[in-house]
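> Fold the following.
(3 chains)
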Amino acid sequence: MTVPGSWYLVLSALLFSLGALGFFTRRNVLIMFMSMELMLNAVNLTFVTFSRMLGDIGGQTLVFFVLVVAAAEVVVGLGIIVAIFRRRSSATADDLSIFRG
Amino acid sequence: MSFLIAQVASTTPLKFPPIEYSAIAPELIMVVGAIAVLLVSSLVPRHISKAVSITLGSLVALVSLADSIYLAFQSGSPGADKAVLAGAVALDKFAVFFYVLFSIVALLTLLAGRELMNLDRGRITEFVILVLLSTSGAMLMASALDLIVLFLGLEILSISLYVLVAMESDNDRGRESSIKYFMLGGFSSAIFLYGVALVYGATGSTNLGQIFTFLANNLLKSNGVLLAGMGMILVGLGFKISAVPFHFWAPDVYQGAPSPVTGFMAATAKAAGFAALLRVFYSGFIPFQSDWVPLIGVIAGFTMLVGAVLAVVQTDVKRTLAYSSINQAGFILLGLYAASARGVGASLYFLITYSVVIVGAFATVGAIEKVLGKSGVQIEDLRGLSKKAPFLAFSFVTLILAQAGAPFTTGFLAKFNVVLAAVSSKHYPVALIAMISAAIAVFFYLRMALMPFRSVSVGAESSAEGGMSLEDSQYGGDSAVMVKEEISIDAKSKLDSATVVIAAAVIVTIGLGIWAGPLISIANRAVLLF
Amino acid sequence: MIQYLPILVLVILATLFAGLSIFASALMSPKKPNPAKSAPYECGIIPSHEPPERFPVRFFLVAMIFVVFDIEIIFIYPYAVISKSLGTFGVVEMLVFGVTMFAAFLYLVSNGALNWGRIRRSRDGDSTYEARTSSSTIRRVSSGEKTAA
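Sure thing, here's the model as predicted:
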């Protein structure tokens, strides 16, 4: 039994929405960060699915670039998070309260 | 899977597209220069000094600027505009225009950063490297003809910026705003990328040229996926240019970041965002013009109004400038909304003048922070600045008035042309909103511009002095030069190259405000397509 | 296929029941939160300081370096697969790529990212404070106010 491509598209759309939802509802910076990664990986799934549906290998090579960019983002993001929370105790976005409004 | 294996298993030599290295030379110079500085700094046993690293970085930026200007003269010849690197990168007047702009901004930022960044020993090298790399990303964004190349440029630009915002030692605000910027930047990148994926699915390509051909030749039966993709690309780029309703990160980040970085971010990141927006929508999605142009109009209207109104209630100088820059973004969008060669030309002119003004303005704020010896200058703190530091006060007032659109500065023609383009495209409601928001904006600009002339004890005579200051700034570049020389003598010890940056910004702002012809014609020639 | 239907039905029923219970309890339970109640430990003692970190921050640094190098591999794999048909051009490209990576690595090493050094104990002084008495550390739940110093 083959799964039609549109299912993958729906799955990736769901994953993307879940990531976006997690990004806005979670307060822990690390979990927000993970939600972002989930969104990026949903995009990867979309790329691969479309690549498969269109019979065009281009979409799959794009995934490489997205993966690398995501990794670079992880490194920089973790660096900033560590730099901030070395001084503080917890990693919640609510603690980031120097700015208001 | 079979097509994949078939492609992989063939062992015949691949045909490579020709690679025109000269077309991407400005980017290459920036990247190679950054890596060279990196290597030098890691191979030299001790930290290389501030002066050396800034000099190296400025040299790289200068070489890149020279090459960009060379390319600009090249691209003047007919038929010079073309897609290179298998259609992934454009070499046209539009790209070259932004090459020049970004090189100048990088140079100014490096010079301003020398005195105005509070960095640990050796960290200045990282500042130089990151500015160069992030500029190369911005250049790539402006010249990209492929959505994925555009995305790579966007990320090179943004990831370097995240670090730049956080890198000052003992600046908790900087780190906090960095993480805000990082989170929302990453989020918007993900949205942009999903948009790219959807457009890829709908059109079968990420190349803007091919997307254009596809959309022009095929009538899509259901264009939901394409429209969603276009919308998400617009949202993703809207974050980068801080258009309302995607602006909420901007004030926090602008306020928390070190001043030279804020100026760099406000100029480069915003200009790159606009370049990408123009490129994607005007050369890829132009067949769907009727779908996205009204949307840009709505965003432009809200951006202008919200930026102006919220700026009025701010008390912090950098925060006010942030809202002001949101307001300015609305004006630039207005030019895009006009959807004519005239409108885009006006937007480009606005962008280049705005970039110089904003870099100068934030450098001035940074210098004022140094003079006052505190971070986070409130508007009230500016009281009496004209006595303490007349040069800084004068440049601050000039650059603020330029943003307000005062006559005899570049800001006046910029705003005027954009509104004129909107009117000539018969977009009367949004043009009206633009004028209203400009009027509201004058209020907070004047409040900031008058403050340096008020005495420290609550003064009642301020209005008279304020009137004089307005006149002063209107009368030409001569006084700018004079004041600059006078001050640079006594401030020489602390604020050497920052003074140069501020003076350059002021001179350009007033000089090109009076002698505006050449820049306007350059901007008009750099427009895409029309 | 059809013989699995009961399992599917069971899964749906279980999910529905669990969801309904959570929803119902959220709907009907009284909610009177106060700072003491929403604190991580509701036993009344305010922690004087956070427990020590489990591993030094340096761990993150090494992990980040690892992530970068790990990811670079994904460019080398596709190259390896078609290295023959890419020819000299491919080799040169990979060399440029490798040199760039190596420059970054050199910078990391020169900045001491790989020096483990001595592990500093995260012990900021004595863990007994004179100010911490039973009256100062115990929260009065009724008022919901922090009374600690």
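
> When you work out contacts or count neighbours from here on, use the C-alpha atoms and nothing else.
OK.

> contacting residues around A:Ala72?
A:Ala72 makes contact with B:Ile159, C:Val68 under the criterion Cα atoms under 8 Å, 6 or more residues apart in numbering or on different chains.

> roughly how far apart are it and A:Met34?
Here A:Ala72 is placed at a distance of 14 Å from A:Met34 (Cα to Cα, to the nearest Å).

> what residue lies at the spatial centre of chain A?
The centre of chain A sits closest to A:Glu37, judged by Cα atoms, centre = their mean, with a distance of 2.2 Å.

> ok so it is a helix residue?
Yes: checked against DSSP: H, G, I helix; E, B strand; the rest coil, A:Glu37 lies within a helix.

> That one: what's it in contact with?
Residues touching A:Glu37, when contacts are defined by Cα under 8 Å, 6+ apart, comprise A:Gly19, A:Ala70.

> how far does stretch B:275-290 sit from the chain's center?
19 Å (Cα atoms, centre = their mean, to the nearest Å).

> before we move on, what about stretch B:371-387?
For stretch B:371-387, the separation from the chain centroid amounts to 26 Å (computed by Cα atoms, centre = their mean).

> buried ones in that stretch?
Within stretch B:371-387, the residues that count as buried by 16 or more other Cα atoms under 10 Å in any protein chain shown are B:Val371, B:Ser375, B:Gly376, B:Val377, B:Gln378, B:Ile379, B:Asp381, B:Leu382, B:Arg383, B:Gly384, B:Leu385, B:Ser386.

> ok, for the closest residue to chain C within chain A, nearest residue in space, not its chain neighbours?
Closest contact between chain A and chain C, by Cα to the nearest Cα, is at A:Val75 (5.3 Å). Residue nearest to A:Val75 in three dimensions, not counting chain neighbours: C:Met64, with 5.3 Å by Cα to Cα, 6 or more residues apart in numbering or on different chains.

> quick one: the one you found from chain B, how far?
Taking Cα to the nearest Cα, to the nearest Å as the measure, C:Met64 and chain B are separated by 15 Å.

> Now do whichever helix or strand that residue is part of: everything it contacts.
Secondary-structure element containing C:Met64, defined by DSSP states H and E: helix C:58-81. Judged by Cα under 8 Å, 6+ apart, the contacts made with helix C:58-81 from elsewhere in the structure are A:64, A:67-68, A:71-72, A:75, A:78-79, A:82, B:8, C:90, C:94, C:113-114, C:116.

> at 7 Å instead, please
A:Val68, A:Ala71, A:Ala72, A:Val75, C:Ala113 (Cα atoms under 7 Å, 6 or more residues apart in numbering or on different chains).

> just checking, which of the residues you listed belong to helices?
Filtering those for membership in helices, criterion DSSP state H, returns A:Val68, A:Ala71, A:Ala72, A:Val75.

> now, which of those sits nearest chain B?
Sorting those by distance to chain B puts A:Ala72 at the head of the list, at 7.9 Å, by Cα to the nearest Cα.

> ok so, going back, buried sites along the helix holding C:Met64?
For helix C:58-81, a neighbour-count test (16+ other Cα under 10 Å) marks C:Arg58, C:Leu61, C:Met64, C:Ile65, C:Val67, C:Val68, C:Ile71, C:Glu72, C:Tyr79 as buried.

> Give me the pLDDT for residue 89.
The chain I'm using is chain A. At A:Ser89, the pLDDT value in this model is 56.

> Chain C is the one I meant
C:Phe89 is assigned a pLDDT of 85 by the prediction.

> Could you check how far it is from B:Pro18?
Summarising the geometry, the distance separating C:Phe89 from B:Pro18, computed by Cα to Cα, is 12 Å.

> Also B:Phe98?
Plainly put, B:Phe98 is 24 Å away from B:Pro18 if you go by Cα to Cα.

> Show me which of those two is the more surrounded one.
Looking at B:Phe98 and B:Pro18 with other Cα atoms under 10 Å in any protein chain shown, you find the greater number of neighbours at B:Phe98, namely 26 against 9.

> I'd like the next helix or strand past the helix or strand in which that one is found.
When secondary structure is defined by DSSP H and E, B:Phe98 falls within helix B:93-116. Downstream of helix B:93-116, the first helix or strand assigned by DSSP H and E is helix B:123-143.

> Packing partners of the helix or strand just after that following helix?
Read in the C-terminal direction, the helix or strand following helix B:123-143 is helix B:147-166, with elements assigned using DSSP H and E. In terms of contacts (3 or more Cα pairs under 7 Å, 6 or more residues apart in numbering or on different chains; DSSP states H and E), helix B:147-166 is packed against helix B:123-143, helix B:172-203.

> Could you break chain C into its assigned domains?
If the domains of chain C are taken from automatic domain parsing, they occupy C:1-31, C:34-48+C:127-149, C:53-122, with pieces of a single domain joined by a plus sign.

> Which of these has the lowest mean pLDDT?
Within the domains of chain C, confidence is poorest for domain C:34-48+C:127-149, with a mean of 56 (mean pLDDT).

> Please consider this matter closed, and thank you.
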